[in-house]
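In: Give me the fold of what follows.
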Amino acid sequence: MKFGKTIETSAKELPSDWQPYIIQYKLLKKNIKQIVQELDNTFKTLNLSSPTDIGECATQKADDAASSTATATPAEDEKPDQQPNIADSIPEEIEYNIEKDSNGVVHPVIVVKIRKPASTQHDHIVELPGVARIPSISTDCASVDITTNHTNETNENGIVAPKIASSNNSAKSAAAATTSTTQDTFGEYEDAAVEKIKLKPQVQDSTEETQVIVHLEADQMFFDQLLNYIERMQGFEQKYTKEYNANVTSLGNELTAVTSPFKHDFQTWREIFRLYIDADVWDHSEGECRSSNTAKEGQSRFEKFTRHIDSIGLTKKFRDPVSARLLMSFYKLNMELSYLKLLQEMNELATRKIIKKHDKRTHLIAMTQFPQIVNIDTTSLTKALIYTVYNDLVGVVPQIDDYLCPMCLNISWRPLRLGCTHVFCSRCIVKASRRRIFNCPLCRSKDAIYNASVADIDKALMNFLKLYFPKEIKEKQRDIQREIAEEETAVIISAHAHDRPCIIM
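Out: Residues are numbered from 1 along each chain as shown. Presented below is the predicted three-dimensional model:
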């Protein structure tokens, strides 16, 4: 399926009021044809080989060299002097620059440099044939600026000093410095204007450089239209981000009241958010070691998450009718996030595709310059919104995974904070000291466990755990009591096994 058709198919998944913010890929693709046509006409008028012709010739030569298996022999009736000499019409260098002015307008410019040996006549006129025949059509007209200079040595004052060589080609010839000036004489005629460049006498060793600056109106229109799409999209993103953050804040305030540890729906909400985190609907981890989920992947995982919630019947456990409404609002925010991510991915991919198509058809390199002028990377915005969802909504209900002891991987009951600020449960610290482990198991801080005492118990954290995880704490206390009972039983059994008399008796 072609990319234009793919965009049309994906656009149907977005809300109708989001359709105007999609980059019109097909319309921009049609503009590229006008750029190629204007580019060819302009270079043909200047009697220069177009970049498209040069690129096609290079591709054709490469294909011919790879496919040919025998050496081609010229026909007998063909003579070398009959071959067209196009060496003078091939540009020495073509530069394509994209600049952005203070008003934010992008200006694509083509700079063509032609170097030829300078003439030895005293006063002569160099005419660029065909300049006067540039068509004056409103949409297909390109403005051309022509300047000529000489490539020679320049002294400290900026005066050009061409090299002068003797006529006998001796190695002992002396060089003299003279100044050269370039004077442009323009003549206007009834039908066309021929730009004439008057040159002072130069020697054969110096080179004459003609610089032609071409402004294509079709190319300018292409980038103006593309930039307009991007700016319109960015304006929509800024407006929508404010609305989205406001909705998240409002929903977070309501969730705070509903998910109070004294409410009946607290445990149900904690289970819902735990399953949401496990589903990994959106990648909210920091760093670049892992690629973020695409819109399609996120939407698929979210649908799987909602089906799992319905299958286990968590929504039926709500006692407060407000909780069901808030859950639907949470679903809606996730769907809108998937729409925004899909829109950004479509526009970013369309921008890269159309710039690549522009470079392929015109053989002008814009792919490396345009992203430096206009930011087309939109992942930072979606990452910020995803972080807001996890921090202001999912983070409202504490999860037990954030309060586990690194040793026993259970809740850190009677949490003891070491001097290195790492937290462990008191039972694990006691067992570590019995095994003569005195350094911190995580950071290897010296004597962190050895210097720990009852005074290091974090009472604020302990009260927090008692409030939000009462069931887990009771289960942990039963495990500790069972473990202590087993240790005492083992000591008694080992004492009887040695068949020793009672020390007291």
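In: buried residues in the strand of greatest length in the chain?
Out: As assigned by DSSP state E, the longest strand anywhere in the chain is strand 106-117. Within strand 106-117, the residues that count as buried by 16 or more other CB atoms under 10 Å are 106, 108-110, 112, 114. For glycine as for every other residue, the C-beta is placed from the backbone atoms N, C-alpha and C.
In: Equivalent analysis for stretch 425-433, please.
Out: Buried, per 16+ other CB under 10 Å, within stretch 425-433: 425-429, 432.
In: Kindly report the same for stretch 382-398.
Out: In stretch 382-398, counting by 16+ other CB under 10 Å, buried: 382-383, 385-386, 388-390, 392-394, 396-398.
In: In helices only, show me the residues you listed.
Out: Residues of the buried residues of stretch 382-398 located in helices (DSSP state H): 382-383, 385-386, 388-390, 392.
In: what kind of secondary structure is Gln481 in?
Out: helix (DSSP: H, G, I helix; E, B strand; the rest coil).
In: what's the spacing between it and Ile473?
Out: To Ile473, Gln481 is 13 Å away according to CB to CB, to the nearest Å.
In: Then Leu39?
Out: Separation of Leu39 from Ile473 (CB to CB) stands at 75 Å.
In: Those two: which has the busier surroundings?
Out: Leu39 (24 against 18; other CB atoms under 10 Å).
In: Quick check, the more buried one in contact with His215.
Out: No. Look at Leu39 against His215 with CB atoms under 8 Å: they stay out of range, at 11.5 Å.
In: quick one, phi psi at Tyr450?
Out: phi -60, psi -40 (degrees, to the nearest 10).
In: gap between it and Ser433?
Out: From Tyr450 over to Ser433 (counting by CB to CB), the distance is 7 Å.
In: Ile35 reaches Asp359, doesn't it?
Out: No. Judged on CB under 8 Å, Ile35 makes no contact with Asp359 at a distance of 11.1 Å.
In: Among the buried residues of stretch 382-398, which one lies nearest to Leu275?
Out: Distance to Leu275, by CB to CB, is smallest for Val394 among those, at 10.8 Å.
In: Am I right that the closest one is in contact with Ile277?
Out: Yes. Val394 is within contact range of Ile277, at 6.6 Å (criterion: CB under 8 Å).
In: quick one: the strands in the stretch 301-450 of the chain?
Out: Ranges of strands within the stretch 301-450 of the chain are 415-417, 423-425, based on DSSP state E, counting those that start in this stretch.
In: Could you find the closest non-adjacent residue to Leu381?
Out: Once flanking residues are discounted, Leu381 sits nearest to Glu237: 5.9 Å by CB to CB, 6 or more residues apart in numbering.
In: Tell me who's in contact with that neighbour.
Out: 340, 344, 378, 381 (CB atoms under 8 Å, 6 or more residues apart in numbering).
In: Where does Lys29 sit, in terms of helix or strand?
Out: Lys29 is part of helix 25-45, with elements assigned from DSSP states H and E.
In: What are the buried residues along that helix?
Out: Buried-residue list, helix 25-45, by 16+ other CB under 10 Å: 25, 28-29, 31-32, 34-36, 38-43, 45.
In: now the angle from that helix to strand 106-117?
Out: Here helix 25-45 points in a direction 20 degrees away from that of strand 106-117 (axes from the mean of the first three to the mean of the last three CA atoms, to 10 degrees).
In: For the residue nearest to Cys408 when sequence neighbours are not counted, give me its contacts.
Out: The shortest distance from Cys408 to any non-neighbouring residue, by CB to CB, 6+ apart, is to Cys428 (5.4 Å). By CB under 8 Å, 6+ apart, Cys428 lies in contact with 405, 407-408.
In: among the residues you listed, who's most crowded?
Out: Cys405 (20 neighbours).
In: low-confidence ranges in the stretch 101-250 of the chain?
Out: Across the stretch 101-250 of the chain, the ranges flagged by pLDDT under 70 are 116-207.
In: if you set the cut-off to 90 instead, what comes out?
Out: Counting by pLDDT under 90, the stretch 101-250 of the chain contains low-confidence residues at 101-216, 219.
In: domain parsing for this structure?
Out: 230-396, 402-497 (automatic domain parsing).
In: Show me the one of those that comes nearest Glu209.
Out: Here domain 230-396 is closest among the domains of the chain (CB to CB), at 21.1 Å.
In: how far does that closest one stretch from start to finish?
Out: 36 Å (CA to CA, to the nearest Å).
In: Ramachandran coordinates for the closest residue to Lys446 other than its chain neighbours?
Out: Leaving out its chain neighbours, the residue that sits closest to Lys446 by CB to CB, 6+ apart is Asn439, at 5.7 Å. When quoted as degrees, to the nearest 10, the phi and psi of Asn439 stand at phi -90, psi 160.
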